[in-house]
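**Q** Here's my sequence, what's the structure:
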Amino acid sequence: MGRQAQEQGIDFRIVRLPLILGALAEPERNHFLLLLKQCVFLKFAPQWDIPIDVMPIEICAPLIAKIILTPEAKNTVFNFYLGEQFRYRWADWINTLNEHDCSIELCPTEQWSKKLQETQQPGKGMFPLFALYSNPRATLPVMPTSIKTENLLKMLADIPIPVAKEYAEQVISHMIRGGHLSMVPTELFDVISDEEERSSGSSPRSRHSSRASEGGVAGFII
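**A** Below is the predicted model:
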């Protein structure tokens, strides 16, 4: 494709990014952070032995803008594999959460899948991605290893990228400060039928609060 573009006199830039971790300002819409929140709530996480290449959108956006605006970057392929120091294994994320008193236990994926099915229905709860992970064989996508290019390293020279451990600490600290690990959305317990709720005479909020207390919901008390 790049060769065809060049033959037609069209400049191109191909940017192959790792998994993009969404803006920290909106963790409730962030796929990866929703998954972490679910692990905090269940106190369990699947035993995925995989490295996770992530790059926060706060870094991706200016980096791509710089690539587009730099004439020397034209007709170049950028492979964003930044090396082991920028990779963090799934188990490392869970260990970092546990360092913040989350008490999450790694368990077989079959057990994880069962616990998901016991706590919520597709499209409900703090984890609207239920359908993606209810399959015991489900896992996070893994980026293929690519070779660093000299051009990429030059482009990264003045854009600070935190190493994986540091970034994990930043992400989790942000979630704690924002109370995102202590909040259990009311939809999590919306498995009660409308008819049952009407017959009980209790308000949805009081019912949810009661169930959360009975279930010993794990999280941070901010």
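**Q** would you list every one of the strands in the protein?
**A** Along the chain, counting by DSSP state E, strands occupy 13-16, 19-21, 44-46, 51-56, 76-79, 87-89, 105-107.
**Q** hey, which of the ones you listed is tucked in deepest?
**A** By mean neighbour count, with neighbours taken as mean count of other Cβ atoms under 10 Å, strand 44-46 ranks first of these at a mean of 22. Backbone N, C-alpha and C define where each C-beta goes, glycine included.
**Q** Who are the packing partners of that strand?
**A** Applying 3 or more Cβ pairs under 8 Å, 6 or more residues apart in numbering; DSSP states H and E, one finds that strand 44-46 makes contact with strand 105-107, helix 109-119.
**Q** Provide the contact partners of that strand at residue level.
**A** 39, 90, 94, 104-109, 111-113, 115, 133, 139 (Cβ atoms under 8 Å, 6 or more residues apart in numbering).
**Q** farthest-separated two in these?
**A** The most widely separated members of those, counting by Cβ to Cβ, are E105 and T139 (18.0 Å).
**Q** returning to what we had before: make TSV from the helices and strands packed on strand 44-46 and add distance to I68 and mean pLDDT to it.
**A** TSV is the format used below for the helices and strands packed on strand 44-46 (distance: least, Cβ to Cβ, whole Å; pLDDT from 0 to 100):
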stretch	distance to I68	mean pLDDT
strand 105-107	41	92
helix 109-119	40	80
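**Q** In terms of pLDDT, where does the nearest residue to H100 once chain neighbours are set aside sit?
**A** Spatial nearest neighbour of H100, excluding adjacent residues (Cβ to Cβ, 6 or more residues apart in numbering): I172 at 5.9 Å. Per-residue confidence (pLDDT) for I172: 81.
**Q** what's the distance between the closest residue to W48 other than its chain neighbours and L69?
**A** Nearest in space to W48, with sequence neighbours left out and distances taken as Cβ to Cβ, 6+ apart, is W90 at 4.3 Å. Distance, W90 to L69, by Cβ to Cβ, to the nearest Å: 35 Å.
**Q** So for these two, which sits in the more crowded spot?
**A** W90 (21 against 8; other Cβ atoms under 10 Å).
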